[in-house]
Structure formats: structure tokens, C-alpha cells
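Undergrad: Quick one, fold the following:
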Amino acid sequence: MKQVCGSTSKLIRLNMLIFSLISIIPFDTFAAQTSVNYLIDKNVLDCGGGDDSSTNFRNSASIGQLSGVDQVSTSYTMASGFQAGQVVPPTISGTPSTTSAVGIAYSFTPTATNAYRFSITGGMPPGLNFNTTTGALSGTPTTVGTYGNIIITATNVGGSVSLPAFSITFHANQYTLSVSVTGSGSVHGSDLSSAIGIPGNIACSDNTGVCGALYPDGDTINLYATATGATNIFGGWGGACTSTISPCGVAMNGDRNVTANFIQAPLAKNSTTGVSYAMLADALAAANSTTPEVLLLISASYAGPLVLSKAITLYGGWDAMYQGQTGLNTTVNDSLTVNGGSSGLEYINIFGKLTVAKGPLRVRAVKVR
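TA: Numbers count the residues shown, from 1 in each chain. So this is what the prediction gives:
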């Protein structure tokens, strides 16, 4: 068997179609300048370029059959001046991406010339496929990890050439958690999941604007809200969190936006009825006129003047959630007049005149300045 592969300037004519680089077996003695009959061997040489019906003979199922060529005619004419030539080796280049995320489509196709086929060795990432015709490595990765010593090789009968070995790391897909704060307070986050890598931390306040961090897909982030100042409380969440309590768990299966709302604490709470009031004047007006009641006040400054005309005790010094006393008295920045009922004052500083027009009045830890 004689194999002949021509250069691009030395051609073989096959039924008026021009092909390059073929393997042939002559019926008779080979003569480069005469027309003779040949059989096509199934292990045909391929010197690169074109498809089966134009410039390349590719492997066939059996001797004498060639895809894209008239199967009847067997008369092949050698071009004038044809000489056996050497196959040009392939070339390959390209730089694959070495980091990506599970669940995100990955694709890399090398640039190659004169390549008949491609092969790959090394750690094949689960979910990816390799195309031996184009050299493309593509697909959607399914497993977190690093897959190393991957080598893509281009081959023809003239030789083989490979890209440098490379690795690909697929981490868990990540999403952004963005938090904004309204009012006076701060928010910090805690990742409750066993995450790949080190996730970012949420730490923002009313002074930092919108803050955010990346967290792996599937993680749950607990957000904690803390009010600042004696008169502020946490008013509830917005966005991906809908509860009114802290903490709130956020499932990171997509980008998430959360708002933490801080509001002024109610200025009075009727400990007898359990009702809170935004303003002290509203609490005084709603108090029972015959039954003694106690109004709790936070450790803050209240505008006056105040008038007590019912059996009411003002009990100051409470925190904004009315869960305990702060050790700091409530301040009334004006005069306070007792004008009826059995009244009481506890833990209150009065920056003004205290007048008992009609009593009695009970006091404890009260300062008049």
C-alpha cells in the first residue's frame, strides 16, 4: 500500500472534485504523470481543512467507499507534477477559564488548525462533555471541587500538539444579599450553613447606606437588627424578610434585598391595659377616669407642660421595649401640675415647676430642677 499526501499546490483530481492528502492503493505501478486506477484505503490520511465532500478524505466503513464521493467511478487522475508530501502538523491555542460555579454553563473551545481529531485527559468535571471533533469542553457543572491536570490535544497523521495542563475550580453558586437600614439602628448577619469557602459578612447601619455580601447558593443567613438610641426600636423587616422580629432567616437561592426599619419607641405604655401610645398626651387622654392606672415612660425627654387630672402614676426610666429600667430617669422639660385624683411620680426629673393643686401625690426618685 502506498500513501500519498499532497501539499496545497499539488492536487489530486477526483471526478472533477479537488481533494488533498489521501491514502491510496494502486492497482498497477504508480506513475505520477499518468491516469491509473486506485482503490481508496479506509485509513485515509487527513491533512486538515474542509469537509468530507471538498478537500479531505476521512475514514470510511470499508475499503473502496468514501463519503461524499461518487461510489461508481474508480478512475482517478493524478495532477501533473504531483509529488508525495509531508503532512502539516496541527496547531492549538486558547486559554480556558479556570474558575466558575456549579449550575452555571461552562464552555471552552480551543483555536486549532490542521486538526483531524481532539482528545482530553485529566480530571473531567462532572456535568461537562468533550467534543472530539471541535475540541470543545462544555456543559453545566454539577459538583463543587477542583479538577486538575486537564490536557486537550489536537491530532492528525502529522503529529499531535496539546494545550498546557490546566485546572478548573467549581465553587457553589453565589448570590448577593443586600441590606438597607431606615431609622436609627444596625444589622449584622450570621451564616447558619456549612458553606464552601468564606462567605462575606453583613454589617451595616443607618450611616453606611446599602451594604451587601455574597453567600453560597442554598445557605441560610440570619439577620439581627439592633436599634440605637434610647428612644428607638426595631419596627420590622421589608423585602425578603417579612417578619417583625429579629433575627430573620434569609434563604439564599437567589439575589435577595432586605430592609430593616427602625422607628421611635412609643412614649408611653399603660401597664394596666398593655396598650402602647406614640405620644404621652394620647395615653393620658385614654386613661380611665375612675380606676388608678400606671403609665410607663421611657428614659427620654418629654415636652410639657403636663397636667395630671386622673388617678395616674407616671413611672419613668424604662427602656424602649418596656422590658426593664435603664437606671436613667425620664425627663419632663416643663412644668407638671397635679390637678386631681390620687397621682404618683416615680423616676422622673422635672425641669420646671411642680404644682400640686389637688392631690394627693406620691413620689419616688423624683427631682425638680
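
Undergrad: and residue 147, bridged to which residues?
TA: Bridge pairing for residue 147 (DSSP bridges) gives the partners residue 168.

Undergrad: Likewise for residue 99?
TA: If you apply DSSP bridges, the partners that residue 99 bridges to are residue 169.

Undergrad: ok, it - contacts?
TA: The contact partners of residue 99, by Cβ atoms under 8 Å, 6 or more residues apart in numbering, come to 168-171. Every residue, glycine included, has its C-beta placed from N, CA and C.

Undergrad: Give me the buried subset of those residues.
TA: In terms of neighbour count (16 or more other Cβ atoms under 10 Å), the buried residues within the contacts of residue 99 are 168, 170-171.

Undergrad: Same list (those residues) but as JSON lines, adding distance to residue 349 and pLDDT.
TA: Compiled in JSON lines, the buried ones among the contacts of residue 99 are given as follows (distance: Cβ to Cβ, whole Å; pLDDT from 0 to 100):
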{"residue": "168", "distance to residue 349": "69", "pLDDT": "95"}
{"residue": "170", "distance to residue 349": "64", "pLDDT": "90"}
{"residue": "171", "distance to residue 349": "59", "pLDDT": "83"}
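
Undergrad: now the residue nearest the centre of the chain: how far from residue 212?
TA: Centrality entry for the chain: nearest residue to the mean C-alpha point is residue 175, 2.2 Å, by Cα atoms, centre = their mean. In this structure, residue 175 and residue 212 are 10 Å apart, going by Cβ to Cβ, to the nearest Å.

Undergrad: returning to what we had before: I'd like the contacts of residue 99 laid out as a markdown table, including distance to residue 109.
TA: Listed next are the contacts of residue 99 as a markdown table, based on distance: Cβ to Cβ, whole Å:
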| residue | distance to residue 109 |
| --- | --- |
| 168 | 15 |
| 169 | 20 |
| 170 | 19 |
| 171 | 23 |
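
Undergrad: which element is residue 107 on?
TA: Secondary-structure assignment from DSSP states H and E places residue 107 in strand 106-108.

Undergrad: Just list what that strand packs against, helices and strands only.
TA: Under the contact criterion of 3 or more Cβ pairs under 8 Å, 6 or more residues apart in numbering; DSSP states H and E, strand 106-108 touches strand 137-139.

Undergrad: what residues does the strand it packs on touch?
TA: Taking Cβ under 8 Å, 6+ apart as the criterion, the residues outside strand 137-139 that touch it are 96, 105-109, 120, 127-131, 150, 152.
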